[in-house]
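> what follows is a protein structure lacking sequence information:
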């Protein structure tokens, strides 16, 4: 499972304050904690006005790279900020995200074409998120045409079929999972990802919905998620699902994650972190 | 989801002591707590020597029936104790369990044939639990032959495909789920159940494995489980999975379970229970 740590995001009030005050210790601590919790990438979203975004991403990325070698997932609604921020990164990471909206894909794909950068691709277009599986798959096919045009290997793509809110759309998981299954069948090397917490928006005890979603999405082929890697309950569900689906020989990774303290407090972990 | 509350079981030390001391208040409290936590049945397992078992079951069943109208799930390794205990029950419940071992099924099925009693049927025989899906399904077919012979409607059966330990058998979930899918396809009205905690035996942080198992088993068609209904995290996962699989219109049952305090502490619940 490829975990993209989501904690450095300016839409979170404490992070927004740290950005405003240029509190580098706060950002570094978030980066360090996520690196210790089995993240594969550190998401970096400034969530500031576009005219300040590139400079802010530069500062954030510098903070992160001071404490970890993990690659960055550059997260911005602006394709231009994404493209600009690539040069601040020490190594190839992931651009988050393209879609079939406007000229996003034609701005970002040429920039990453001859690199090792990955890219999150959302199954939406100028008219928003399609309701049906077939309509989302049509957008997927358009994305794959662009991927071929720019000679980007499918293994560099992180397709996010998009999660809508379960309380208003009962097909939210079923649509997501069916997209996953069809995509994985056609392109076994493609990654499938999700910023999944939208599924439980507006519902009480959201953790139950998020966990059950994670299990069902992984069973459908999702092999990446954008989430809080310091949430040991979510990590525990990921390692457990991997083991149950026979992707973890004799539960060795599950047991190691326990020893590392990432799926529940262990004595060693308690002593080493604040 | 048909929840069979598992807490009144003499293999649990505190329950064993209560049985030895005939502490009826303790048993009644366990029954009451489970009835308040959305159980459909109260499992009743004496776990004493066979010569004391019928009398102990009688006492336990009387305790339970004093505080709740929920039907009993009579749980004993002895087919003779099961048959004897039926007469202590005020209403039809479930016999737990038959299998193709010895004369179990030919002792229990004639007794419940012309009643409304349900029955848990384990997919094992004289040689233990078969490893492969096909071998378990062969036992299933033998059970269905007996079911037909005694004119028991399939809807009265709770098939338990049996869960082995994941840490020693990586196919534990996959085998269980495939049996569920085949059985549900052939007999849509049959119930599928499991005393699932064996899946995580020997592993740390067992709750993660148990929860992920529950989600995957429900997706495969399991519609019943023998578990602790006062475990709000497990109940939360059950309600969440139901909603995600489109078995709960607009999450209304999920929201109601939250209001009732069964999927997490609510103020109302805190005030009403000890």
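Everything's here; your move. Small disclaimer: the values here were computed from a predicted structure and weren't measured.

> so where's chain A shaky on pLDDT?
Across chain A, the ranges flagged by pLDDT under 70 are A:265-274.

> if you set the cut-off to 50 instead, what comes out?
Within chain A, the segments meeting pLDDT under 50 span A:267-274.

> just the helices in the stretch 1-150 of chain A please.
For the stretch 1-150 of chain A, helices defined by DSSP state H, counting those that start in this stretch occupy the ranges A:13-20, A:24-36, A:50-67, A:79-85, A:104-112, A:133-149.

> and the contacts of the fourth one?
Counting contacts by Cβ atoms under 8 Å, 6 or more residues apart in numbering or on different chains, the residues outside helix A:79-85 that touch it are A:44, A:46, A:50, A:53-54, A:57-58, A:61, A:74, A:76, A:95-96, A:98, A:102-104, A:107-108, A:111. Every residue, glycine included, has its C-beta placed from N, CA and C.

> give the buried residues for that helix.
By neighbour count with 16 or more other Cβ atoms under 10 Å in any protein chain shown, helix A:79-85 contains the buried residues A:79, A:81-85.

> farthest pair within those residues?
Spanning the widest gap among the buried residues of helix A:79-85 are A:79 and A:85, at 10.9 Å by Cβ to Cβ.

> next one: whichever residue of the stretch 1-150 of chain A sits closest to chain B from residue B:249, what distance?
The nearest approach of the stretch 1-150 of chain A to chain B comes at residue A:1, 12.6 Å away (Cβ to the nearest Cβ). Per Cβ to Cβ, to the nearest Å, residue A:1 is found 32 Å from residue B:249.

> which one of the two is surrounded by more residues?
Comparing residue A:1 with residue B:249 by other Cβ atoms under 10 Å in any protein chain shown, the one with more neighbours is residue A:1, at 17 against 9.

> contacting residues around the more buried one?
Counting by Cβ under 8 Å, 6+ apart, residue A:1 has contacts A:218, A:223-225, A:238, A:242.

> do that again at 7 Å, thanks
Going by Cβ atoms under 7 Å, 6 or more residues apart in numbering or on different chains, residue A:1 touches A:223-224, A:238, A:242.

> of the residues you listed, which is the most crowded?
That'd be residue A:238 among the contacts of residue A:1, by other Cβ under 10 Å, with 26 neighbours.

> now what about the strand or helix carrying it, what contacts it?
Following DSSP states H and E, the helix or strand that holds residue A:238 is helix A:232-244. Residues outside helix A:232-244 that contact it (Cβ under 7 Å, 6+ apart): A:1, A:37-38, A:207, A:210-211, A:214-215, A:218, A:227-229, A:248, A:251, A:253-254, A:257, A:262-264, B:166, B:173, B:205, B:208-209, B:211-213, B:216.

> next one: stretch A:24-41
Outside stretch A:24-41, the residues touching it (Cβ under 7 Å, 6+ apart) are A:2-5, A:7-8, A:18, A:42, A:60, A:63-64, A:66-68, A:70-73, A:93-94, A:229-230, A:235, A:257, A:262.

> out of those residues, which are buried?
Here, 16+ other Cβ under 10 Å leaves A:2-5, A:7-8, A:18, A:42, A:60, A:63-64, A:67-68, A:70-73, A:93-94, A:229-230, A:235, A:257, A:262 buried among these.

> residue contacts, the residue nearest the centre of chain A?
With distances taken as Cα atoms, centre = their mean, the residue of chain A nearest its centroid is residue A:226 (3.0 Å). The contact partners of residue A:226, by Cβ under 7 Å, 6+ apart, come to A:4, A:6, A:43, A:193-195.
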